[in-house]
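> show me how the following folds:
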Amino acid sequence: MAIYLTEKEIKVLLGSSVKTYVQESVEHEKISEELMLLLKHNFYAKYAFYDKKKRMIEIGVNESKRSSRTYPEIKLYSFPVDETLEWISESFHWERRDLEFYAKILSKKNDALPGEIVVL
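Next up is the predicted model:
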């Protein structure tokens, strides 16, 4: 059975889900798969890491403007795990393909959303 969601519904679900993903990451002392996917997608990050000692999330973003034969220039960004929701909320993309991506992530662990999600 297909579930139909509007952009507004996806935004609300993402906000509550990100809180859960962050909580799981802190409890398991590593970034959850869903949070990793969101960080990589939203920030075009090459990697994401949770430093449990400092309670910081670090992401590495390739900021090279062109491809190179050497290792790309990766710029590091870090923020307190408590600010993850704000960082991610400010980085959401609202194009159709992004909404479809978010819907796939939401459907992975959300038992309240059985079946395929269709974005309206």
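> ranges for the helices of the protein?
Along the chain, counting by DSSP state H, helices occupy 7-28, 33-43, 84-91, 96-109.
> okay, which residue is most central for this protein?
Nearest residue to the geometric centre of the chain (CA atoms, centre = their mean): residue 38, 1.4 Å.
> how about residue 63: what's its closest non-neighbour residue?
residue 75 (4.8 Å; CB to CB, 6 or more residues apart in numbering). The C-beta positions use only the backbone N, C-alpha and C, and glycine is treated the same way.
> neighbours of that neighbour, just the number please.
When neighbours are defined as other CB atoms under 10 Å, residue 75 has 12 of them.
> residue ranges with poor pLDDT in the protein?
1-2, 109-120 (pLDDT under 70).
> if you set the cut-off to 90 instead, what comes out?
For the chain, the stretches with pLDDT under 90 are 1-16, 62-74, 85, 88-89, 94, 96, 99-100, 103-120.
> which one in it is furthest away from the centre?
Within the chain, residue 69 marks the point farthest from the mean C-alpha position, 29.2 Å out by CA atoms, centre = their mean.
> ok, it to residue 32 distance?
Applying CB to CB, to the nearest Å, the value for residue 69 to residue 32 is 35 Å.
> the residue nearest to residue 63 and residue 51, how far apart?
Here the criterion is CB to CB. By it, residue 75 lies 17 Å from residue 51.
> now residue 42
Noted for residue 42: a distance of 19 Å to residue 51, by CB to CB.
> these two: which is more packed in?
Ranked by neighbour count (other CB under 10 Å), residue 42 and residue 51 place residue 42 first, with 19 against 12.
> nearest residue to the more buried one in space, please, no chain neighbours.
residue 91 (3.9 Å).
> ok, now residue 85?
residue 18 is the one closest to residue 85 (CB to CB, 6+ apart), at 5.3 Å.
> surely that neighbour touches residue 86?
No - Residue 18 is not in contact with residue 86 according to CB atoms under 8 Å; the separation is 9.9 Å.
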